[in-house]
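Undergrad: Sharing a model that was predicted from the sequence below.
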Amino acid sequence: MKPYSPSSDENKEPILTVLREVFADTDTVLEIGSGTGQHAAYFAKHLPHLVWQASDVAGSLAGIRMWLDEAALPNVLPPMLLDAADERWLISLVNAVFSANTVHIMAWPQVERMFAGIGNVLRVNGVFALYGPFNYGGAYTSESNARFDAWLKACDPLSGVRDFDALDALAQGQGMSLIKDYAMPANNRTLVWRKV
């Protein structure tokens with residue numbers, strides 16, 4: 001049975017609207033933390049100019065394959081094993097990176113390694129789009145995000161909603177510059193950086 005994420009179903013249309021704009025001039029996308037595989041199947045179908053590379057840890061790959069096999073799209077590569085927290089990523093350079101709802105379920109050192117990995121594989125002028133809930137100036141943007149952060153920390157004290165400034169500092173440290181911060185439904189955002 002295919003894995004299913006209700007939130008992936010709910011947020012796919014708003015994210016697609018953003019990706020149509022920010023990935024209009026690119027051709028290869030690495031998705032980090034593909035989870036169930038729903039986003040990979042949906043975005044690759046609706047963005048046929050992209051070659052989509054899904055990736056995740058070993059335990060998620062079988063579920064991703066189910067979604068991609070069912071979609072049977074010509075522009076989707078087999079999902080690859082990639083732990084974003086690894087020090088070295090065995091992947092060629094890519095023109096774009098996408099990740100949704102990942103940094104708040106990682107410990108901060110893992111987030112740092114993820115940004116370092118992206119810095120290593122993203123080509124100059126490449127774009128990185130990151131979707132999720134974020135704090136600004138150390139403050140929650142909504143009561144629901146505050147409750148979500150408390151729930152995350154109860155499950156894992158090292159996880160939590162990340163602050164935009166801290167993420168932007170990591171991106172800048174990897175030669176990336178913020179080009180857009182999109183407001184999304186349900187108090188989420190999509191942050192988009194370009195490697196310069």
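TA: Perfect, thanks for sending it. Numbers count the residues shown, from 1 in each chain.
Undergrad: what does the lengthiest helix in the chain contact?
TA: For the chain, the helix with the greatest residue count under DSSP state H is helix 6-22. Here helix 6-22 makes contact (Cβ atoms under 8 Å, 6 or more residues apart in numbering) with 35-36, 38-39, 42-43, 46-47, 96, 98, 100-101, 127, 129, 131, 179-180, 182, 184-186, 188, 190, 192. (Each C-beta comes from the backbone N, C-alpha and C, glycine too.)
Undergrad: Equivalent analysis for stretch 187-196, please.
TA: Against stretch 187-196 from outside (Cβ under 8 Å, 6+ apart): 11, 15, 18, 22, 119, 122-134, 141-142, 144-145, 164, 167-168, 171, 174-184.
Undergrad: how far is stretch 72-85 from where the chain is centred?
TA: Averaging C-alpha positions (Cα atoms, centre = their mean, to the nearest Å) puts stretch 72-85 13 Å from its chain's average.
Undergrad: Please list all residues in contact with residue 167.
TA: With contact taken as Cβ under 8 Å, 6+ apart, residue 167 is in contact with 103, 111, 115, 130, 134, 191.
Undergrad: Now flag whichever of those is closest to residue 68.
TA: Closest to residue 68 out of the contacts of residue 167 is residue 130 (22.2 Å), distances taken as Cβ to Cβ.
Undergrad: for the helix or strand encompassing the closest one, packing partners?
TA: Element membership for residue 130, per DSSP states H and E: strand 122-132. Packing contacts for strand 122-132, counted by 3 or more Cβ pairs under 8 Å, 6 or more residues apart in numbering; DSSP states H and E, involve helix 6-22, strand 94-100, strand 176-184, strand 188-195.
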